[in-house]
Structure formats: structure tokens, C-alpha cells
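Trainee: Sequence first, predicted model second:
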Amino acid sequence: MMRSASRQALETLQDEQRSAVGPRAHATTLVTLAQELYAVADLLVGNPRLRRTVGDPATPADDRVGILEGLIGSQIGEAARRVVAAAVRLRWSNPWDLCDSLESAGDDALFASAEKRSELDTVEDELFRFERIIQGDGELVALLDEYTVDPARRRTLLDSLLGGKVSDATKALLDHAVSSQRKRSILLAIDDLLELAAKRQERSIARVVSASPLSDAQQRKLTRILTEMYGREITLRTALDPAVQGGLVIRVGDEVIDGSVAARFATARSSLTT
């Protein structure tokens with residue numbers, strides 16, 4: 001988790017990125033930007049000496065930028081160079097946060113590309129549903145998380161699970177999540193992606209699991225209740241799980257509201273045994 005200084009730097013970098021690409025950037029331009037930012041992050045992750053040098057606040061900012069630009073030259077586009085230079089100039093709590101910020105900026109660029117195509121809600125829904133699919137399969141999650149395995153093999157496994165049934169942006173985000181040396185947990189990576197997508201629309205996501213489908217009226221009522229409870233706009237992402245037996249399990253950020261019948265049974269059993 002980033003410390004306060006790095007979180008502030010990340011917010012500044014996100015503003016700089018949006019300024020660098022401008023409001024009229026084409027979706028394909030944003031996809032290219034994402035891939036270039038991922039590539040620079042990979043370069044830093046794979047080169048400890050370079051990472052420490054460009055992430056060292058004791059070194060003058062112009063020198064740090066010059067060192068990195070001397071290596072990447074014209075291999076990336078103008079927008080990516082501008083974002084990378086801005087990232088290197090900022091003060092990070094440690095060099096790893098610089099790498100993570102570039103990956104996060106790449107993720108944000110892919111979400112922006114989906115937004116340009118009016119697919120942001122679709123991408124959110126696909127990420128949520130994929131999270132639900134793999135959540136109950138520990139062996140599958142372990143295979144996707146196994147960093148000693150060639151990333152190409154992890155991507156092949158991912159492709160077999162997705163079956164070509166998701167949008168290009170979702171595929172690119174998940175490809176990077178299983179390939180990155182910094183994202184060791186696919187489930188935590190998806191959580192971060194969902195929060196980033198919600199932040200783009202200045203709202204939060206409530207993950208709602210029930211034993212049977214919620215009607216439109218029930219979803220509207222629940223959305224209204226949660227929005228009032230948290231004081232900000234809430235969007236529901238619903239999934240079915242017979243194991244809850246009845247009631248709802250709601251997760252907003254790190255907070256879980258377990259109103260399921262299964263949880264009440266478990267509490268009753270615990271009370272009886274004690």
C-alpha cells in the first residue's frame with residue numbers, strides 16, 4: 001500500500017496524464033499509451049540500479065528525467081514521454097511506488113479508452129464477473145498468480161478462461177494483471193481495477209451477492225439505501241451464489257455487510273455451541 005506522499009504524487013500524475021492526452025484523444029491512442037507506460041514500468045522493475053536512481057529524490061529531478069529519457073529515447077510516443085517525465089519528477093516514498101504509479105497510469109489509460117467507446121460499464125461488469133468466476137477456485141487463482149511460471153503461459157490460461165467473450169479493454173487489463181511482476185495477486189489486482197474504474201466516474205461500487213436474482217425494483221431500492229448510507233453515488237454489481245441461502249452479502253471497498261441466511265445460521269450455531 002502506498003504511503004501518503006506517494007498517494008498524493010499518484011493523484012498529481014493522474015492529472016498530468018489527462019492533460020497530456022487531452023479530452024479528444026482517440027481510443028486507440030490511449031491503448032498505445034497504456035502499453036508504453038507498462039513497458040517503461042517493466043524496464044524499471046527489471047533494472048534495480050536504474051529504478052533506484054530515477055526514484056531517488058536526492059538526485060536532481062532534471063538528472064533523473066535525463067537518465068531515463070536517454071534510455072527510452074524515441075521508443076515511446078510524446079504523451080507517454082510526458083507522463084513518464086512527470087512521474088520521475090514527483091517525490092515517491094520509495095522507487096517501487098514509481099513503478100506502480102506507471103502501471104496504474106497504464107490501467108487508467110485503458111479505462112479511458114473504454115470510456116471513449118462507451119464501454120466503461122461493460123468493462124466493470126466483465127471484471128466483476130471474472131472475479132466471481134475465479135474467486136471460488138483456489139487452484140486456478142494459484143496458477144494465475146504463479147510468478148515463477150512464464151507470463152506467456154499465464155496469459156494462455158487466461159485466454160482459455162475468457163474464451164474471447166470480453167471487450168478488448170478488459171482483455172488488456174487482465175493480460176497485464178497476470179503478466180506484471182508487481183501484481184502478484186489477480187484478485188487484488190481486479191479489486192484495484194474496479195476501484196479505479198469507479199473513481200473515474202466519481203462513484204463507488206457495491207458488490208452484491210444473493211442466492212436468487214434481484215428485481216429491478218430491489219436493485220433501485222438497494223442503490224438508494226447504499227448511496228444515502230455512504231454519502232456518495234453507488235453502482236451495484238450483482239452476482240448469484242446459492243451458498244448464501246438467502247439475504248445479501250454486500251461489499252463496498254473494504255467493508256462487508258453480511259446479511260445472508262448462511263451467516264445468520266453460522267452465528268446461531270456458534271451461540272448454541274458456546
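Mentor: Looks like it came in fine.

Trainee: Any idea how far stretch 10-26 is from the middle of the chain?
Mentor: How far stretch 10-26 lies from its chain's middle: 17 Å, per CA atoms, centre = their mean, to the nearest Å.

Trainee: try stretch 30-42
Mentor: 15 Å.

Trainee: mean confidence for that stretch?
Mentor: Averaging pLDDT along stretch 30-42 gives 96.

Trainee: buried ones in it?
Mentor: Buried positions in stretch 30-42, judged by neighbour count with 16 or more other CB atoms under 10 Å: 30-34, 36-38, 40-42. Every C-beta, even on glycine, is put in place using the N, C-alpha and C of the backbone.

Trainee: what does stretch 221-240 give?
Mentor: Buried residues in stretch 221-240, defined by neighbour count with 16+ other CB under 10 Å: 222-223, 226-227, 234-239.

Trainee: Spatially, which two of the residues you listed are the most separated?
Mentor: Using CB to CB, the buried residues of stretch 221-240 span at most 20.0 Å, a distance reached by T227 and A239.

Trainee: Give me the phi and psi for the nearest residue to G259 once chain neighbours are set aside.
Mentor: Sequence neighbours aside, G247 is the residue nearest to G259 in space, at 4.5 Å (criterion: CB to CB, 6 or more residues apart in numbering). Main-chain torsions, G247, degrees, to the nearest 10: phi 80, psi -160.

Trainee: Please read off the pLDDT at G247 from the model.
Mentor: Per-residue pLDDT puts G247 at 84.

Trainee: what does the one 5 residues further on give?
Mentor: At V252 the predicted local distance difference test score is 83.

Trainee: just D125 next, same as before
Mentor: 90.

Trainee: That one and G106, how far apart?
Mentor: Using CB to CB, to the nearest Å, we find D125 at a distance of 21 Å from G106.

Trainee: Over to S160?
Mentor: 24 Å.

Trainee: the more surrounded of those two?
Mentor: Applying other CB atoms under 10 Å to S160 and G106 shows that G106 carries more neighbours, namely 28 against 9.
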